[in-house]
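J.: missing the sequence, but the structure's below:
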């Protein structure tokens, strides 16, 4: 169980990834730079971005402004759907690295399982990993059947599967599948895009003296799920990290898990159109 912000998950290739990171989806116009710098100053050591977010340059600037050693940070970005395929993925990676201003990347993900393309995309990620440009490679939004298909054609097992995961979408079968294969599950949209007014979360917030957001982040961590709550507000970024001074009881963890409705706020990976 993560007990401090510096705690890390050991991935299946031995690389260590922080349990808590900052997500920067939709953060632009300089907000992402402020958010990244504020997060690092608050103790965060992981930042998650993507080519399609259009803010890799701002993230890179935030990293530089924070002024800490690069080897203390864990930076993730993702190849977008339109760039999938072997050669196009390699080009997309180069473009992302130039925008970030980095020589090496900690984690590179396939953003979505684009049919008839994600296998070739994965082969490009394997090359980047073997050539030393990336410390770890993984996937995002992959169902079990996508992972099974990838397994037939790959030599390297993904270290991470980043998926929509929150109290209304616990993905129990996928979580168990990944755990059995040492694939670290990572939650995007852990705070349900702000839909945190559920009576149980409010009640538990009052019980533990925490906000519903902090309750959910703590629930993620106790379920051994890496979590990357998004915020551009320095005060909220700090609050989201104040989850290491308490622990939910096993009973309360189960109560939150029982809220599952298989409800998505984002697209289903089997039915997305972008």
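T.: Happy to help now that I have it. Please read all numbers here as calculations on a predicted model, not as lab measurements.

J.: what's near enough to touch the nearest residue to residue 140 once chain neighbours are set aside?
T.: Closest residue in space to residue 140, ignoring its immediate chain neighbours: residue 162 at 4.1 Å, by CB to CB, 6 or more residues apart in numbering. In short, each C-beta sits where N, CA and C put it, glycine included. Residue 162 makes contacts with 48, 109, 138-141, 186-188, 228, as judged by CB atoms under 8 Å, 6 or more residues apart in numbering.

J.: and the residues you listed, which two are furthest apart?
T.: 139 and 228 (15.3 Å; CB to CB).

J.: so for the closest residue to residue 195 other than its chain neighbours, what's the pLDDT?
T.: Leaving aside its chain neighbours, residue 195 sits nearest to residue 265 (7.3 Å; criterion: CB to CB, 6+ apart). Residue 265 is assigned 96 on the pLDDT scale.

J.: surely residue 265 and residue 193 touch.
T.: Yes - counting by CB atoms under 8 Å, residue 193 is a contact partner of residue 265 at 4.9 Å.

J.: helices along the stretch 101-250 of the chain, start to end?
T.: Remark: helices assigned in the stretch 101-250 of the chain by DSSP state H, counting those that start in this stretch are 118-130, 144-153, 172-180, 199-208, 212-222, 234-240, 250-257.

J.: what sits up against the longest one?
T.: Counting by CB under 8 Å, 6+ apart, the neighbours of helix 118-130 from elsewhere in the structure are 79, 84-87, 89-90, 93, 108, 110, 114, 134-137, 139, 146, 149-150, 153-156.

J.: report the distance from that helix to the chain centre.
T.: Taking the mean of its C-alpha atoms, helix 118-130 sits 19 Å from the chain's own mean (CA atoms, centre = their mean, to the nearest Å).

J.: next, the angle helix 144-153 makes with it.
T.: If you take axes from the mean of the first three to the mean of the last three CA atoms, to 10 degrees, helix 118-130 sits at 60 degrees to helix 144-153.

J.: could I get the buried residue list for helix 118-130?
T.: 118-125, 127-129 (16 or more other CB atoms under 10 Å).

J.: same deal with the last one?
T.: Residues of helix 250-257 classed as buried: 252, 255-256 (neighbour count, 16+ other CB under 10 Å).

J.: hmm, back to that, by neighbours, which of the contacts of residue 162 wins?
T.: Highest neighbour count within those, by other CB atoms under 10 Å: residue 186, with 29 neighbours.

J.: just to revisit the earlier point, and the contacts of residue 162 as TSV, adding pLDDT and distance to residue 240?
T.: Formatted as TSV, these follow (pLDDT from 0 to 100; distance: CB to CB, whole Å):
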residue	pLDDT	distance to residue 240
48	97	13
109	98	21
138	99	23
139	98	25
140	98	21
141	98	23
186	98	15
187	98	13
188	97	14
228	98	10
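
J.: looking at those residues, which is nearest residue 246?
T.: Among the contacts of residue 162, and counting by CB to CB, the member closest to residue 246 is residue 187, at 19.2 Å.

J.: so what's that closest one up against?
T.: 162-166, 220, 225-228.

J.: and if we set it to 7 Å?
T.: 165-166, 220, 225-228 (CB atoms under 7 Å, 6 or more residues apart in numbering).

J.: could you check the pLDDT of residue 75?
T.: pLDDT, read off for residue 75, is 98.

J.: kindly state the beta-bridge partners for it.
T.: Taking DSSP bridges as the rule, residue 75 bridges to residue 47.

J.: now do the same contact list for it.
T.: 47, 100, 102, 105-106.

J.: which of those residues lies closest to residue 16?
T.: residue 106 (9.7 Å).

J.: shouldn't that closest one be in contact with residue 74?
T.: Yes - counting by CB atoms under 7 Å, residue 106 touches residue 74, with 4.5 Å between them.

J.: for the protein, longest helix please?
T.: helix 86-100 (DSSP state H).

J.: list the contacts of it.
T.: 51, 56-57, 59-60, 75, 77, 79-80, 83, 105, 108, 120-121, 123-124, 128.
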